[in-house]
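K.L.:
Need the 3D shape of this:
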Amino acid sequence: MIEGARFFWLHNTGPIGCLPDSVICYHPKGGNLDRNGCLRPENEVAQEFNKQLKDSMSQLRTQYPDAAFTYVDLYKAKYAIISGRKQLGFDDPMKLCCGCHYGYNIDCGKEEVVNGTVYGNPCPNRAKGISWDGIHYSEAANLCIAARLFNGTLSNPPIPLRYACHK
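P.N.:
This next block holds a predicted model:
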C-alpha cells in the first residue's frame, strides 16, 4: 500500500480434500469422506484457513479505507462443480484425466504398461474430466470455475471482476 496499490482481488483456497491425489495418498476411512468422496479433515482445514483469510481481509478494509478489497470464494466455486458434476456433464471427480495413481505413480505425459494396460495417456474426452492429474483441475473445469468467479456472485462485495478495480 505504501507503493500505491489500491485494488486487491484475493481468493481463498479450494477444497484440498477433493483433490484425487490427496484422497489416493491418504487411504481414507469411510467416516472421513463426505458424500462426494472428499476428505472431510482436509476440507475442514481449508475452510478454517478461508475463514481466517476473510477475517484478515476485513481488518485490512478497516485499516485501509481507500483501498478496494474483493474476496473471492474459490472453495465454493470448485466444490459446486464437484457436487454438481452430473448436471454439469462431468465424470467422477476422483478420476484423473492424465496419469495414474491407483497402486502405481505414473505421471502425466509418461506412458507405462502395467499388467497389459497402458497408463499415462490423456483421457479420450477431456471435456468431462474435473481433475487433470490429481492436483490440477482440467481446462474444462477451470472454464466453469472462471465463469462462476468472474460474474461476481462468489465475491465479497458481489462485483464482477471487470469492475473490481473501481472504488
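K.L.:
per-residue confidence at Gly116?
P.N.:
pLDDT, Gly116: 79.
K.L.:
burial count for it?
P.N.:
5 (other Cβ atoms under 10 Å). For every residue, glycine as well, the C-beta is placed using N, CA and C.
K.L.:
now do the one 10 residues further on
P.N.:
The criterion is other Cβ under 10 Å. On that basis, Arg126 has 13 neighbouring residues.
K.L.:
where exactly do the strands run in this structure?
P.N.:
Counting by DSSP state E, the chain has these strands, from start to end: 7-11, 68-72, 112-114, 117-119, 155-156.
K.L.:
nearest residue to the residue nearest the centre of the chain other than its sequence neighbours?
P.N.:
Centroid-nearest residue in the chain: Gly14, 4.0 Å away (criterion: Cα atoms, centre = their mean). Using Cβ to Cβ, 6 or more residues apart in numbering and skipping the chain neighbours, the partner closest in space to Gly14 is Lys78 (4.2 Å).
K.L.:
any weak-confidence spans in this protein?
P.N.:
Judged by pLDDT under 70, the chain has its weakly predicted residues at 1-2, 101-106, 119-120, 167.
K.L.:
if you set the cut-off to 90 instead, what comes out?
P.N.:
Within the chain, the segments meeting pLDDT under 90 span 1-7, 21-31, 94-126, 133-135, 149-150, 157, 159-167.
K.L.:
ok, which stretches of it are helices?
P.N.:
20-26, 40-63, 74-83, 85-88, 139-150 (DSSP state H).
K.L.:
Show me which positions of the fourth one end up buried.
P.N.:
Think helix 85-88. Residues of helix 85-88 classed as buried: Arg85 (neighbour count, 16 or more other Cβ atoms under 10 Å).
K.L.:
Alpha carbons only: can I get it in CSV?
P.N.:
In CSV, the C-alpha atoms belonging to helix 85-88 read as follows (Å, rounded to 0.1, in the frame of the first residue of the first chain):
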residue,chain,number,x,y,z
ARG,A,85,-20.8,-32.8,-11.7
LYS,A,86,-23.6,-34.8,-13.2
GLN,A,87,-25.7,-31.8,-14.0
LEU,A,88,-22.7,-30.1,-15.5
